[in-house]
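Participant: No sequence on hand, only this structure:
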């Protein structure tokens, strides 16, 4: 009688291996989930510690926050604010400059939640409103400011697959070539805004034969051609053509330059109506210098400049001579004034929208555990009542900067606090920062 056949152990071994792999994967997933939870708790503890050591201040707004007119970003008011706060005796203060030229109240409100969360800000300084006068932003949809903000807390996700993909990519993926920075890519000759622009690695260059200065930070480029233009934007380019992309994704081309011209003319004429004759001239002077005779907007610009200079006692004769030479009328023509009734219904609506956005800025800051501080511009402007109203009703700290500027200018008539286009210079931003620092320290 033959012995019984021994049972085949292979299926049992296969099942044991599969079970072991599954147990290992489950254990790995548990470890990864616990690790993520520990990381979140560590971040929370670190954030709490940072709050105890000193405030993190987020400065948001437009070109006055960004620092147009300053000799460098280090002379903009947020940088000066950090220095003033630290000199007050607390070296732990950190101030972040998130301003961007041209930003209005809607654009600020859309981005504010993610900025507060990303920087873990305890104080938010808000200087916005002047661009609402000409851009007339539509009111942001209700609660849209709370959408799209990343949750920094624990999130239950399948992490083992992610880890496997990272390991596979590290072992078998093609190594990425080191990305070249904008400062490394930019030097050379490009075509921009219909003309040739040359960038030199030392931060100088030329545009259409005129000297320029440039600097970059990340993918943001700032180019200044004195007396002609000042551009701050994100940059994309191919082998020869440089495309200047604004933050909203639109390319800055000749058409957008025309749009800028319209906006600047509207602001100048409005300033003239408001009795701010010096500001009206300063708004137009750089554009006149930059505009070439062959540009299709030249006649309109010279007519507006002639109107402003004649009303302010400036050099209107040069514009009259240009217009006569080119066969154009000297008086304002239909379409030269681009305000389109901004002093009436549109101005009232712009104030209402600004008031709503500022109220929601305050609510958003408080919902994120941050203290809001509203700041007004260092000029006597007609939207000031909106800031005062919001600050009074919502019990928010308000920094009114114009009185200190007026006092300083009265005490020293030759004091320079502004650059020609109405922005502050280094001394002006330092004075603004000094006032903000006093309010921030008092609010601790």
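Facilitator: Arrived safely. Computed from a predicted model, the values in this text were never measured in an experiment.
Participant: now the strands for this structure?
Facilitator: Along the chain, the stretches classed as strands by DSSP state E are 56-61, 94-97, 123-127, 188-192, 195-199, 204-207, 210-217, 220-225, 229-237, 242-245, 251-252, 371-375, 397-399.
Participant: Need the residues that contact the last one.
Facilitator: So the one you mean is strand 397-399. Counting by Cβ atoms under 8 Å, 6 or more residues apart in numbering, the neighbours of strand 397-399 from elsewhere in the structure are 371-376, 387-388, 391, 435-436, 439, 442-443. Every residue, glycine included, has its C-beta placed from N, CA and C.
Participant: For residue 272, which of the strands of the chain is the nearest?
Facilitator: For these, distance to residue 272 was read as Cβ to Cβ. The smallest value, 22.1 Å, belongs to strand 229-237.
Participant: Kindly provide the whole-number mean pLDDT of that closest one.
Facilitator: Per-region confidence: strand 229-237 scores 67 on mean pLDDT.
Participant: Could you do stretch 274-282 as well?
Facilitator: 78.
Participant: Would you mind listing the buried residues in that stretch?
Facilitator: The neighbour-count criterion (16 or more other Cβ atoms under 10 Å) identifies 276-277, 279-282 as the buried residues of stretch 274-282.
Participant: what does stretch 67-81 give?
Facilitator: Counting neighbours by 16+ other Cβ under 10 Å, stretch 67-81 gives 67-70, 75-81 as buried.
Participant: Among those residues, which one sits closest to residue 361?
Facilitator: For these, the residue nearest residue 361 by Cβ to Cβ is residue 78; the value is 17.1 Å.
Participant: Contact partners for that closest one?
Facilitator: 57, 59, 65, 67, 95-97, 99, 125, 433.
Participant: rewinding a little: buried subset of the contacts of strand 397-399?
Facilitator: Restricting the contacts of strand 397-399 to buried positions leaves 371-376, 387, 391, 435-436, 439, with burial counted as 16+ other Cβ under 10 Å.
Participant: any idea how far residue 375 is from residue 430?
Facilitator: Computed as Cβ to Cβ, to the nearest Å, the residue 430 to residue 375 distance reads 15 Å.
Participant: now the contacts of strand 397-399 in CSV, with pLDDT and distance to residue 107?
Facilitator: Compiled in CSV, the contacts of strand 397-399 are given as follows (pLDDT from 0 to 100; distance: Cβ to Cβ, whole Å):
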residue, pLDDT, distance to residue 107
371, 94, 22
372, 96, 17
373, 97, 19
374, 98, 17
375, 97, 17
376, 96, 19
387, 95, 18
388, 95, 23
391, 96, 21
435, 97, 25
436, 97, 21
439, 95, 25
442, 88, 30
443, 78, 26
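Participant: Save those residues as a markdown table, and put in distance to residue 147 too.
Facilitator: Converted to a markdown table, the contacts of strand 397-399 look like this (distance: Cβ to Cβ, whole Å):
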| residue | distance to residue 147 |
| --- | --- |
| 371 | 23 |
| 372 | 20 |
| 373 | 25 |
| 374 | 24 |
| 375 | 26 |
| 376 | 29 |
| 387 | 26 |
| 388 | 30 |
| 391 | 26 |
| 435 | 34 |
| 436 | 30 |
| 439 | 31 |
| 442 | 34 |
| 443 | 29 |
